[in-house]
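Participant: task: produce atomic coordinates for the following.
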Amino acid sequence: HQMTLERIPMGRMFIDDEMLDTAQRILASGQWIKGPESKAFGAEWAAYCGALGGTPCSNGSVALIAALHALDVGHGDDVIVPSHTYIASATCITMVGANPIFVEIDADYYTLDPAAVEAAITPQTKAIIAVHLYGQPIDTAIFEVAKAHGIPVIEDSAQAHGASLNGQRVGSFGDIATFSFFPSKNMAVGGDGGAILTNREDLVQRVSTFIDHGRSDKYRNDVLGTNFRLSEIQCGIGRIQLKHLDGWVARRNEIASTYSEALADLEHVKLPKVRDGAVHAWHQYVVRVADRDSFCAHLNSHNISTGIHYPIPCHLQPVYADHPQGSRGSLELTEAVCDDIVSIPVMPLLTDDEVQRVIAAVLSWTP
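Facilitator: Got it, this is the predicted structure:
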C-alpha cells in the first residue's frame, strides 16, 4: 500500500502565471541583459536583507569569487572557512590564488566555532567566510573576533534567505554577503543565479563594476573584472519569488517545528537546534543518526526522499588531497558530523499529509 503513495521529493518548483508572464514580457522587450529588472532586483534584495547595496550575479559561486576580489584577497593570503559546507565556499578561495584554512564547527549548530576561528587567525589571514549552514544564522561572536583583528567577514548566505538573528536579517552583518538562487534554494530565479550584498560604502561600486568587466562605460575598463552578470529574465523571476519568500520561510518553520515536536522523544535520532534569538530559514532539516544507510533505505521504502548535506567535508575532497589539512583526523567533529547527518524534506510546498507521512516513517524506523 505504501508504495502506491506519490513519492515525496526533497524539493518542488514553484511556478505561477506571474513568473510566466514576466518571462514573456522581458523576452518581448528585447532587453535581455543589463536592464531595469537587474537594477530593481539588486535594490529590492538589498532592502529586504537590510544591506547597504546589492548586485545580482550569475550564481552563488561567482558571488564568493567576486567578494574575495573586492576585498583584495589573492596569492599568499589565507582565508578561514568551515569544512562542513558546500565545496564552493572553499574553492572560491583557491580560485583567487589564496589558501583555505579549514576550521571546526560547533557541536550544536554546525556553523563556524568562534574559538576555532580565533585560534586559526595569523598575520596571513585576509578574510573569513562564515556560512549560515542549512539556514541557521552563525554565532555573532565571529563578527566580534573578526572586528578585533581587523579582518573582513564574507557571509555565505546561500542557504539562509529570510533568516535573521536578534531581529537583524542575514546578509546585513558582514562586510559582504553572498547568496545563491539555485533551484533548490529558499527562493529561485528560474535558472542559475546569485547576489552580492555589501554593507560598506567603499565596496558597493567595486562589486557592481567587477561583475561587469570592470568598466566605467561601454568600452572603457578601469579595473580588472569579468562577466558575472545575471540576465533580465532571471532577475524578473527573482523579484516575483521574493514576494513569496516570507510565506515560504514561515511554512518551512511550521514544518520544522512539527517535526521537532513529533520526533522529540526519539533517542536514536538527534534533532536540529535553533540558536537563541534566531529565525532559522530551514533550507534543510538535518538530523543525525548512527546508521544512516538503514535510515535512508527505510524512508526510501516509504517513498520518501532524503539528502546528505554534505557527505564529504571540503578538506577531504579529492581537490584538496594535497592540502595540509587534507587527511582524516584534522577536523574530528566535522568528520563525525558528516558521517551521520541526513536531511529530510522540509520544502514549503509539502502538504500537511506529506509532513505526517514523513513523521510516521521516521517514527517507525529502528536502527
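Participant: residue contacts, residue 107?
Facilitator: Neighbouring residues of residue 107 by C-beta atoms under 8 Å, 6 or more residues apart in numbering: residue 333. Bear in mind the C-beta positions are built from the backbone N, C-alpha and C, glycine included.
Participant: could you report the pLDDT at it?
Facilitator: On the pLDDT scale, residue 107 is placed at 94.
Participant: what kind of secondary structure is it in?
Facilitator: coil (DSSP: H, G, I helix; E, B strand; the rest coil).
Participant: and it, how far from residue 311?
Facilitator: 19 Å (C-beta to C-beta, to the nearest Å).
Participant: ok, now residue 151?
Facilitator: 31 Å.
Participant: just residue 40 next, same as before
Facilitator: Taking C-beta to C-beta, one finds residue 40 at 39 Å from residue 311.
Participant: same check on residue 176?
Facilitator: With C-beta to C-beta as the criterion, residue 176 and residue 311 are 29 Å apart.
Participant: who's more crowded, residue 151 and residue 311?
Facilitator: residue 151 (18 against 12; other C-beta atoms under 10 Å).
Participant: residues contacting that one?
Facilitator: Applying C-beta under 8 Å, 6+ apart, the residues near residue 151 are 121, 125-128.
Participant: among those residues, who's most crowded?
Facilitator: residue 128 (28 neighbours).
Participant: who touches residue 69 in this structure?
Facilitator: Here residue 69 is in contact with 96, 210, 224 (C-beta under 8 Å, 6+ apart).
Participant: on the three-state scheme, the last one is what?
Facilitator: Applying three-state DSSP to residue 224 yields a three-state assignment of coil.
Participant: now the helices for the chain?
Facilitator: 17-29, 36-49, 60-70, 88-95, 114-120, 141-149, 201-210, 232-262, 292-301, 332-340, 352-363 (DSSP state H).
Participant: packed most tightly, which of these would that be?
Facilitator: By mean neighbour count, with neighbours taken as mean count of other C-beta atoms under 10 Å, helix 60-70 ranks first of those at a mean of 26.
Participant: and the average pLDDT for that helix is what?
Facilitator: Here the average pLDDT along helix 60-70 is 98.
Participant: tell me the angle of it relative to helix 201-210?
Facilitator: Between helix 60-70 and helix 201-210, the angle comes out at 120 degrees (axes from the mean of the first three to the mean of the last three C-alpha atoms, to 10 degrees).
Participant: what's the spacing between helix 60-70 and its chain's center?
Facilitator: Taking C-alpha atoms, centre = their mean, to the nearest Å, one finds the center of helix 60-70 at 14 Å from the center of the full chain.
Participant: how big is the angle separating that helix from helix 88-95?
Facilitator: Using the same axes, to 10 degrees: helix 60-70 against helix 88-95 is 50 degrees.
Participant: want to throw the helices of the chain into JSON lines with distance to residue 166?
Facilitator: As requested, these are exported to JSON lines (distance: least, C-beta to C-beta, whole Å):
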{"stretch": "helix 17-29", "distance to residue 166": "34"}
{"stretch": "helix 36-49", "distance to residue 166": "15"}
{"stretch": "helix 60-70", "distance to residue 166": "24"}
{"stretch": "helix 88-95", "distance to residue 166": "24"}
{"stretch": "helix 114-120", "distance to residue 166": "16"}
{"stretch": "helix 141-149", "distance to residue 166": "12"}
{"stretch": "helix 201-210", "distance to residue 166": "24"}
{"stretch": "helix 232-262", "distance to residue 166": "17"}
{"stretch": "helix 292-301", "distance to residue 166": "34"}
{"stretch": "helix 332-340", "distance to residue 166": "26"}
{"stretch": "helix 352-363", "distance to residue 166": "29"}
